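A.B. asks: Below is the structure, and that's it, no one-letter string:
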């Protein structure tokens, strides 16, 4: 019985953790313009990935900052074309007084950039 339990633990441990869904999961837009192709206008966050055009980042760690549930710090393993790197970013959600999401703001901790995404709903 112990060997079966040990085998199950090894099997589960080998799968790796799945990160919980967060409010930043979803499709985000650079502009609310239906004439721009989705591949050039969207960033999709979910299933432990961030995909934006040819950029694909695996989310390797995510931590909520503060108690409001609006700010998250992520460590990502990214690849675009043949280039690979690890990045640290902060995502923050701007909400209105009723709690409706207005924007997603990304701050690149390594490069020092800021990007604002729209919901376009």
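C.D. replies: Everything's here; your move. On a predicted model such as this, the values are computed, not experimentally measured, just so you know.
A.B. asks: Buried residues in the lengthiest strand in the chain, which are they?
C.D. replies: Of all the segments assigned as strand in the chain under DSSP state E, the longest by residue count is strand 83-95. Within strand 83-95, the residues that count as buried by 16 or more other Cβ atoms under 10 Å are 89, 91, 92, 93. Just so you know, the C-beta spots here come from the backbone N, C-alpha and C atoms, and that holds for glycine as well.
A.B. asks: Can you give me the distance of the third one to residue 26?
C.D. replies: Going back to what we said before, that points to residue 92. Distance of residue 92 to residue 26, given as Cβ to Cβ, to the nearest Å: 15 Å.
A.B. asks: before we move on, the earlier item: other SSEs contacting the longest strand of the chain?
C.D. replies: strand 55-65, strand 71-80, strand 101-108 (3 or more Cβ pairs under 8 Å, 6 or more residues apart in numbering; DSSP states H and E).
A.B. asks: from the middle of its chain, how far away would the second one be?
C.D. replies: Put plainly, it is strand 71-80. Using Cα atoms, centre = their mean, to the nearest Å, we find the averaged C-alpha position of strand 71-80 to lie 7 Å away from the chain's own average C-alpha position.
A.B. asks: Residues in a beta bridge with the residue lying closest to residue 65 once chain neighbours are set aside, which ones?
C.D. replies: The spatial neighbour of residue 65 that comes closest, neighbours along the chain excluded (Cβ to Cβ, 6 or more residues apart in numbering), is residue 71 at 4.2 Å. Partner residues in beta bridges with residue 71, using DSSP bridges, are residue 65, residue 92.
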